[in-house]
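K.L.:
can't give you the sequence, but here's the structure:
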Ligand code: CLF
Ligand code: SF4
């Protein structure tokens, strides 16, 4: 997708709209980015087919993937549309819960329209149950909304970091449009107008649109409230405010000039002030342009070009539908258990945070030492609500844990009262207890283990 190279894993909380029209619910229920609930069960994949970009963002270094949806410093292997379609069919067979194909770079997909649309066309023809998703900086969007609609691309993300061109001059040094290089306020004015026009056109075409914004402290942080209002007024379905990730080694203008990213607290405060009664995405992981798997996992290394080109596609629609039907059953059972509990209990207690090691499915099913992130749940005795994630270094890499790594992990979850994992070793158990975090081992639904812990916690 096309966004500036900057931000990264947002440590955000996530919310799918409280009340969503059932028809829209159907359109998002298997999309892990558009539905927080779906992200526990369904995976997405990206194919890196779009190398060129038509703007410059101050948080981007062109040596790496588009930072609008990627972690800075990540480089993806470029694919042709045919290679990309082959990869999609391979992964659709191996990971049947993969329901969405996104094109998000490494440059801007709409600055590479032939490659982007050819890839989507090939996949639509061979794997009709896979949702198509596109992410762009928006400059060329108005030109392509008809083609997007024709190809049934139902999810489009635009990265919008400003609606005031004066602020834009601090983010975008130039824009290339109609064979001309635009600079200064004119460049940001043009980008802004094209983004708004594109957003409006998506709404008129009934295509679901998410807006990503990179939060840049001191530049657009306060201004993003205005951006939020402007995009919602034009029909954006979801707003994803991501933190700028900026370091000198990324070689970006911001990185080299000491521009800092927001703290998790600043990010959350801004997300809260924008959330109102609308949808705010808080479960974004700022993926790579070749990401594969659940949002919280990265399986891209299993499917590098040398590997997937040797694999035979085993796409099987019937088998995929069976897997999806099973996921639906599991989700429904978890939802009805939750509804039952909510109906029984009236008073909600004090809220506490709990860290969870999970490989997805709404289950505590991962060893403490294997986790690369913890999902964070806010528990009040009635429900356990997903509120974000914390990336960590994996404790157990070679069969043994590193004590320096453990210290880092504990400091990342020090505001949590407990950590839930399917197994926790003696050493981390001891250190967690010392830090005042209760280690809880079990293999069950997150809801069930989190609420059991809450009861014990309140009794102490
Ligand atoms: Fe990919 Fe983006 Fe589509 Fe999702 S990602 S193109 S909407 S399928 Fe998702 Fe990744 Fe965040 Fe993007 S977690 S960076 S929001
Ligand atoms: Fe980089 Fe272009 Fe993406 Fe901006 S839109 S982050 S310049 S690739």
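P.N.:
Happy to help now that I have it. Because the structure is predicted, anything quoted here is derived from the model rather than measured. Ligands and ions are numbered 1, 2, ... in the order given.

K.L.:
could you use CA atoms for every contact and neighbour count after this?
P.N.:
Noted.

K.L.:
check which helix or strand residue 241 maps to.
P.N.:
Assigned by DSSP states H and E, residue 241 falls within strand 238-243.

K.L.:
pLDDT of the longest helix along the chain, averaged?
P.N.:
Longest helix of the chain, by residue count under DSSP state H: helix 317-344. Helix 317-344 carries an average pLDDT of 89.

K.L.:
repeat for stretch 365-378
P.N.:
pLDDT averaged over stretch 365-378 gives 93.

K.L.:
please apply the same query to stretch 102-111.
P.N.:
On average, stretch 102-111 scores 93.

K.L.:
run through who's touching it.
P.N.:
1-3, 44-54, 64-66, 69, 75-76, 78, 116, 132-137, 140-141, 144, 289 (CA atoms under 8 Å, 6 or more residues apart in numbering).

K.L.:
distance between the ends of that stretch?
P.N.:
Terminal residues of stretch 102-111 lie 15 Å apart, using CA to CA, to the nearest Å.

K.L.:
what about it, near ligand 1?
P.N.:
Yes - Stretch 102-111 is in contact with ligand 1 by CA under 6 Å from any ligand atom, via 102-104.

K.L.:
quick check: of the residues you listed, which has the highest neighbour count?
P.N.:
Neighbour counts for the residues of stretch 102-111 next to ligand 1, by other CA atoms under 10 Å, peak at residue 104, which reaches 36 neighbours.

K.L.:
may I have the phi/psi pair for that one?
P.N.:
Backbone torsions of residue 104, given as degrees, to the nearest 10, read phi -140, psi 20.

K.L.:
any idea how far it lies from residue 163?
P.N.:
From residue 104 to residue 163 the distance is 22 Å (CA to CA).

K.L.:
also residue 342?
P.N.:
41 Å.

K.L.:
more neighbours: which of those two?
P.N.:
residue 163 (23 against 15).

K.L.:
so the more buried one sits right up against residue 225, yeah?
P.N.:
No - checked against CA atoms under 8 Å, the pair residue 163 and residue 225 is beyond contact range at 10.3 Å.

K.L.:
which parts of the stretch 201-350 of the chain are strands?
P.N.:
Taking DSSP state E, counting those that start in this stretch as the test, the strands found in the stretch 201-350 of the chain are 208-215, 238-243, 280-281, 292-293.

K.L.:
for ligand 2, which of those strands is the nearest?
P.N.:
strand 208-215 (10.1 Å; CA to the nearest ligand atom).

K.L.:
ok, residues contacting that closest one?
P.N.:
6-7, 34, 68, 154-161, 199, 202-203, 221, 224, 231, 235-244, 261-262, 267.

K.L.:
got it, and stretch 135-152?
P.N.:
1-4, 54, 68, 102-105, 108-111, 120-121, 124, 132, 154, 156-160, 191, 194-195, 197-198, 201-202, 205, 207.

K.L.:
among those, which are located in strands?
P.N.:
102-103, 132, 156-159 (DSSP state E).

K.L.:
output those residues in CSV; the columns should cover distance to residue 424.
P.N.:
As requested, the ones in strands among the contacts of stretch 135-152 are exported to CSV (distance: CA to CA, whole Å):
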residue, distance to residue 424
102, 36
103, 38
132, 39
156, 41
157, 39
158, 41
159, 40
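
K.L.:
any low-confidence regions in the stretch 351-460 of the chain?
P.N.:
Applying pLDDT under 70 to the stretch 351-460 of the chain flags residues 398-399, 401, 460.

K.L.:
90 instead, please
P.N.:
For the stretch 351-460 of the chain, residues meeting the criterion pLDDT under 90 lie at 361, 381-383, 385, 387-391, 393-394, 396-406, 457-460.

K.L.:
for it, what spans make up the strands?
P.N.:
Going by DSSP E, counting those that start in this stretch, the stretch 351-460 of the chain shows strands at 352-356, 373-379, 384-391, 418-421, 438-441.

K.L.:
minimum distance to residue 367: which of the ones you listed has it?
P.N.:
strand 418-421 (5.5 Å; CA to CA).

K.L.:
what strands line up against the closest one, and which way round?
P.N.:
Sheet pairing of strand 418-421 (DSSP bridges) gives strand 352-356 (parallel), strand 438-441 (parallel).

K.L.:
measure stretch 386-395 end to end?
P.N.:
Note: stretch 386-395 ends 23 Å apart using CA to CA.

K.L.:
quick one: end-to-end distance for stretch 96-111.
P.N.:
31 Å.

K.L.:
hang on, I meant stretch 357-377
P.N.:
Across stretch 357-377, the terminal residues are separated by 11 Å (CA to CA).

K.L.:
what's around residue 329, how many residues?
P.N.:
Residue 329 sits with 12 neighbouring residues when counted by other CA under 10 Å.

K.L.:
now do residue 325
P.N.:
By other CA under 10 Å, neighbour count at residue 325 equals 12.
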